[in-house]
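Q: here's a sequence, model it:
(one chain, ligands or ions: 1)
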Amino acid sequence: MSDARVLDGKAVAARVRAEVGEQVARLAARGVRISLHVVLVGDDPASAIYVRNKGRACEEVGIRGVTHPLPAETPEADLLALLDRLNRDPEVDGILVQLPLPPHLRADRVIEAVDPARDVDGFHPANLGRLLSGRPGVVPCTPAGVLRLLDESGVDLKGRRAVVVGRSLIVGKPTAILLLARHATVTVCHSRTLDLAERVREAEVVVAAIGKARMIRGDWVREGAVVVDVGMNRDEAGRLCGDVDFEAARTRASAITPVPGGVGPMTIAFLMRNTLQAACARRGIALD
Ligand code: GUN
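A: Model (predicted):
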């Protein structure tokens with residue numbers, strides 16, 4: 001019985017933010033001011049918390065963060081008009097539309113309306129196409145954070161069996177592509193997978209992104225596996241927990257991320273980095 005190394009996402013994220021902060025300060029000294037515009041439609045409480053945390057991170061690294069709160073019943077045309085205005089504003093470096101959107105708004109349509117050069121989520125089809133074809137570009141924040149935590153675990157992904165549980169646009173699909181680019185052998189499982197426990201048992205690397213509290217049981221985790229838990233759920237008692245049964249899994253894994261304090265802070269740190277990257281790319285400034 002091993003006891004896994006707990007990968008401290010909070011600490012790693014603080015290092016990423018500090019690196020970004022240094023570069024933002026250097027740009028500011030040259031008169032370059034960077035801004036991130038976050039559009040929040042409706043009053044989903046979880047989204048409101050995420051957006052507030054994004055604002056705090058902006059403040060910490062020296063990026064001007066602007067939130068555009070819109071009522072839940074905002075017509076799609078109004079949201080598209082706002083995005084059009086932001087796309088044309090030379091002062092705007094990054095644009096993010098917080099998801100999920102209210103059901104009357106077509107997420108695909110909205111994501112496509114963000115200028116790919118300002119799309120700091122990396123969700124625009126042009127940016128996802130770059131990712132899929134291995135070209136340099138913006139990488140979605142949570143998958144970038146997942147890969148960084150895997151790097152921190154010291155695992156060499158080349159040739160390893162990696163299982164991604166979840167196939168969302170935000171996490172599962174881009175994470176699978178990033179793992180493939182690192183030469184892992186990747187299986188993507190999802191809600192219709194018939195033999196999920198068996199697939200997870202084979203995995204040397206597990207990325208859980210399904211959104212179901214403690215669905216990945218400890219005895220599904222292979223001895224010595226590296227486990228990254230993207231889940232952010234509430235259990236029956238109302239406590240924050242991941243998609244993995246942490247206490248059981250840590251006795252078998254070699255490294256594991258906690259919830260909270262694992263992937264969550266990484267997402268926001270990489271959003272800061274993507275904003276810096278977009279600002280530099282749009283202005284033709286090389287990032288060092
Ligand atoms: N909702 C949950 N995660 C994300 C994210 O990474 N980006 C956006 N835009 N919305 C989200």
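
Q: close to the ligand: what parts of the stretch 51-200 of the chain are there?
A: Proximity of the stretch 51-200 of the chain to the ligand is assessed by C-beta under 6 Å from any ligand atom, with 96-99, 121, 141-142, 170 identified as the residues in range. Quick note: C-beta positions are derived from backbone N, CA and C, even for glycine.

Q: ok, the residues you listed vs Val51, which is closest?
A: Distance to Val51, by C-beta to C-beta, is smallest for Gln98 among those, at 5.6 Å.

Q: what's the burial count for that closest one?
A: The burial count assigned to Gln98 is 21, neighbours taken as other C-beta atoms under 10 Å.

Q: doesn't Asn53 make contact with it?
A: No: in terms of C-beta atoms under 8 Å, Gln98 does not count as a neighbour of Asn53; the distance is 11.3 Å.

Q: mean confidence for the helix or strand hosting His37?
A: Secondary-structure element containing His37, defined by DSSP states H and E: strand 35-41. Per-residue pLDDT values over strand 35-41 give a mean of 98.

Q: pull out the buried residues from the next helix or strand after that strand.
A: The helix or strand immediately downstream of strand 35-41 is helix 45-61, counting by DSSP H and E. Within helix 45-61, the residues that qualify as buried are 47, 50-51, 54-55, 57-58, 60-61, counting by 16 or more other C-beta atoms under 10 Å.

Q: which strands and helices sit next to helix 45-61?
A: Judged by 3 or more C-beta pairs under 8 Å, 6 or more residues apart in numbering; DSSP states H and E, the packing partners of helix 45-61 are helix 9-29, strand 35-41, strand 64-70, helix 263-283.

Q: what is the burial count for the residue in the stretch 1-150 of the chain that the ligand sits nearest to?
A: In the stretch 1-150 of the chain, no residue comes nearer to the ligand than Leu99, which is 3.7 Å away by C-beta to the nearest ligand atom. Neighbour count for Leu99, taken as other C-beta under 10 Å: 17.
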